[in-house]
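Chemist: sequence first, then the predicted structure:
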Amino acid sequence: ADRAPAHWQPVCRRWETCWFRVELSIPPEWAGQEVHFVWESDGEGMVWRDAQPVQGLTKEGEKTSYILTSSLKEAEPHSLTLYVELACNGLFGAGKGSMIAPPDPDRRFTLSKAELVVFNRDVYELLVDLEILLDMAQLLGEENQRSFQALYAANQIVNVCDVKDPSTFPALAAVIFSQRNGESQHTIHAMGHCHIDSAWLWPYEETIRKCARSWVTVIRLMEHNPELTFACSQAQQFEWVRSWYPGLYAQIQDYVAKGQFIPVGGTWVEMDGNLPSGESMVRQFLQGQRFFQEQFGQICSEFWLPDTFGYSAQLPQLMCGCGIKRFLTQKLSWNLVNSFPHHTFFWEGIDGSQVLTHFPPGDSYGMHGRVEEMLKTVKNNKDKGRVNHSAVLFGFGDGGGGPTQNMLDRMKRMSDTDGLPRVQISTPDRFFSVLEKESSQLCTWVGELFLELHNGTYTTQAQIKKGNRECERILHDVEVLCTLAVAQGGTFQYPASQLQQLWRLLLLNQFHDVLPGSCIQLVVRDALQYYAEIRRAGSRLQEEAVQSLCGELLQLKSGRAESTLVLNTLPWERTEVISRTGTVPASEADWGETRGSSSTAGNFTPPQLPKARVCDICVLFSQEDGSITMENGLIAVCLDAMGLSHLLPASGESVADGCRANQFALFDDVPLYWDAWDVMDYHLETRKPVTMLLKPLEITLAGGLRGSASFSLQVGESSTLTQEIILDAMCPYIRFKTQVDWKESHKFLKVEFPVQVRSTNATYEIQFGHLQRPTHWNTSWDWARFEVWAHKWMDLSEHGFGVAVLNDCKYGASAHRNVLSLSLLRAPKSPDATADIAHHQFTYAVMPHQGSFQDAGVIQCAYNLNFPLHAVPASSMQCLAWSAFSLSSPAVVLETVKQASPPGSTVVVRLYEAHGSTVVTWLQTSLPIKEAMLCDLLERPTAKGHLPLEQQGVRLSFKPFQVLSILLVLRQ
């Protein structure tokens, strides 16, 4: 039928996918006319024809019709059958009452229109002409004569056009649009785009369909507009379409070859720019660039990350190491406090690497090709005079189908029209190539690109953040052990395909709305399942590798363990208390000490009982007032239920006068709008110390190799916190093993350490290094960083003394004046009404130190806290002490040991300078290597290439925070 009955309104439930068979019969009298199938619903749709997807349908994306024929011919079929797949969610999910509200379980989705219509192309073109002319008249201003010329032209069109004679439509508009600009006019490079969140207000599974709907729509548009270019990021999304829509993927490959469908970004997903580890960021590029090379024969030359919540100062070096020296984003236009001073500039990382960076001055990655947007792009540009070119990304994102014909037709009229900037359809490479030629006058921004908004995402969804940190550790350890198992010879095969699958799951969960926690409950559930899969598979792979390495020494399943084998996957000697049984010890006899014979990675040694010296053991004393003193010869602490009243390293008191450290504080946490995303500065005015004691402080381990005490507190109205404070023999820090049953609403829990340190800057670990941020709020740039992010440690030091706070799974932090604060838990209600309502377990530590944090070993201690030694039951008391790698300088960290790809006889080791110093170190190995060479982060040999071998080692020179990758070729 040519028209559906007005009352026909089928309904479907949320997240379901409904299918409609549509029988079409085109009236013969429509011959020679353009015929469209019109479909309107409040769910996203996809038209299928001949078993292939052919068109996405999204009302919010202005895509409500499928062109059946541009000019109906007698030979064409007048009757046909289509299928429409309707997703029962809107463009932004199914929130109840607002976009970011939790999904409404009772929401229904309605089909409101299904029609066959004749499309009048001439009238459409006339309307586009009038839109551009009227926008020029309104927006160019009364002082500009072009605005009056456009107004009078539009008025004359209305006067003279004859609706029965289409030839009268375009004449006057064409005169205006053919009047050209001068040579100095600003040029806008317009690129089609469709930013699709890999998960957000919808689950991963729905993103697969969003990609297909949008990308097939782009392909249809390219068929009619060969000039259209479309920049598309995220290798994961390409892989989804390749797996689920092979016919569509083949068409995409064709248009990639034509230079219209352009892969950009070079990463597996558009990841969070703050929280992933340095190695995870390398793998984002490694997996993404390899995918694009394998699938399309090219790697990306630009990093594309328009929508994430800040950008680490280590990213420029990682980009350069992965073949990328160009960067595009725009998120800093969301800054709540300060306006970023540039749109085109060089961004310099902590090691000195620079990348050419562009923020589209229109402050959007989803423009519509309107006059207003083009004028804003020129007016907003903060680098006028330095460059004369800007980018515009146009298209509806998140499943909206990307560019439209209407957008293209608007911009055709603005291609070179006097009074408007030149607009040309371009490509990322063409655009950045022009910027490079104009770059001599550009400014340089040094350090992180900090987003002054969304800093609650450093803490929201704590279980996701814990899973990320744990799985980064698991994959690190598995790769080290599997690589060494292969290097030792034998039958063990490196599990390359399994590791790639596990890495890709981890990288997917680092998407910029998943790891930050700004997603719905369905996404959280999927993410936690992926972490569980990594844990299970990682445990199995690790066990297989250890069995291959040390098979005859390991305990048989039916046998009895006579000894314990200790595996150290970090690159330095460690002296620690370990549990042979993995349980809380009943006595000192259950514990042992492990020492590596050198600074090692891949160290295997039996535990050694320490010599009985007073300074080696932990001693606990109960005081009459209920407080407890713990000492181990390195530090002494005085505890009461309200925190640490004294923390005494050899250099003296660390806790500020009149204060207690390890003080819990609860804050009201009610953002203006972005609930899971934001914590506002005014939350600091609502601080309430947590002081309600549920269980008094008591000794739980009486000392020896380990001493501990525990207590419980009530937090807020409904939550409880239980903490075990642990001091080990010979350990320079005290640990706080914490469990929280969290049931709050719009509250923020932190732990604070006021210390006897005065410094204007605190130091925070970031990827492959660290940076400093001010502890004062002198300027708006300073106080906008009232809540920041860090990885495994932060430190506040003055000359000769400092205090560090370490953690095993937290990222939110702050240092104001002399108070170090670690953010523990939030309780937002949108878009996940159950966010963080769960049982949480985490550990943090405080480490007072003499000298600098570098010389005191804070970096190594933070690694030790995050990478526990592996104690493996063994069936023999035979001593096996073997070390794979050693480094001569404590300033250099051996971060990664893995097989090169494809796996074989080549090992990749990745190292970085961690102190911020220029240093030379020797990397020595017991592996049978015959050749060593420098490579980039994509594991391609560099121009410097060969490294001379001396006594199974190589000499390496590092600049501050430099990352180096080395290929080691093994003898067969």
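Modeler: Perfect, thanks for sending it. Numbers count the residues shown, from 1 in each chain.
Chemist: for the residue lying closest to His224 once chain neighbours are set aside, give me the pLDDT.
Modeler: Once flanking residues are discounted, His224 sits nearest to Gln405: 7.4 Å by C-beta to C-beta, 6 or more residues apart in numbering. Yep, even glycine has a C-beta here, placed from its N, CA and C like the rest. pLDDT for Gln405: 97.
Chemist: Gln405 against Leu221, yeah?
Modeler: Yes: if you go by C-beta atoms under 8 Å, Gln405 and Leu221 touch, sitting 6.5 Å apart.
Chemist: between those two, which one's more packed in?
Modeler: Applying other C-beta atoms under 10 Å to Gln405 and Leu221 shows that Leu221 carries more neighbours, namely 23 against 17.
Chemist: residues contacting that one?
Modeler: Leu228, Gly402, Pro403, Thr404, Gln405, Leu408 (C-beta atoms under 8 Å, 6 or more residues apart in numbering).
Chemist: nearest the geometric middle of the chain, what residue?
Modeler: Nearest to the mean C-alpha position of the chain, by C-alpha atoms, centre = their mean, lies Asp272 at 1.8 Å.
Chemist: who are the contact partners of that one?
Modeler: Asp272 sits in contact with Thr308, Phe309, Thr457, Gln510, Phe511, His512, Leu515, Pro516, where contact means C-beta under 8 Å, 6+ apart.
Chemist: tell me the predicted confidence for it.
Modeler: The model's pLDDT for Asp272 equals 98.
Chemist: and it, how far from Arg525?
Modeler: 19 Å (C-beta to C-beta, to the nearest Å).
Chemist: just Leu938 next, same as before
Modeler: 34 Å.
Chemist: again, but for Ala137
Modeler: In terms of C-beta to C-beta, Ala137 sits 53 Å off from Arg525.
Chemist: neighbour count winner among these two?
Modeler: Ala137 (22 against 12).
Chemist: and the more buried one, what element?
Modeler: helix 121-139 (DSSP states H and E).
Chemist: list the buried residues in that helix.
Modeler: Buried positions in helix 121-139, judged by neighbour count with 16 or more other C-beta atoms under 10 Å: 125-126, 128-137, 139.
Chemist: what's the following helix or strand past it in contact with?
Modeler: Next helix or strand after helix 121-139 toward the C-terminus (DSSP H and E): helix 145-160. Contact with helix 145-160 is made by 126, 129-130, 132-134, 136-141, 168-169, 172-173, 175-176, 418-419, as judged by C-beta under 8 Å, 6+ apart.
Chemist: before we move on, what about stretch 165-172?
Modeler: Asp122, Val123, Glu125, Leu126, Asp129, Ala153, Gln156, Ile157, Val160, Cys161, Asp162.
Chemist: 10 Å instead?
Modeler: 120-123, 125-130, 133, 152-163, 177 (C-beta atoms under 10 Å, 6 or more residues apart in numbering).
Chemist: quote the end-to-end distance of stretch 625-640.
Modeler: Taking C-alpha to C-alpha, to the nearest Å, stretch 625-640 runs 9 Å from one end to the other.
Chemist: let me redo that: stretch 432-449
Modeler: Counting by C-alpha to C-alpha, the terminal residues of stretch 432-449 are separated by 20 Å.
Chemist: that one: which residues count as buried?
Modeler: Phe432, Val434, Leu435, Leu442, Trp445, Glu448, Leu449.
Chemist: does the last one touch Phe340 like I think?
Modeler: Meaning Leu449. Yes: the criterion here is C-beta atoms under 10 Å, and Leu449 meets it with Phe340 at 7.9 Å.
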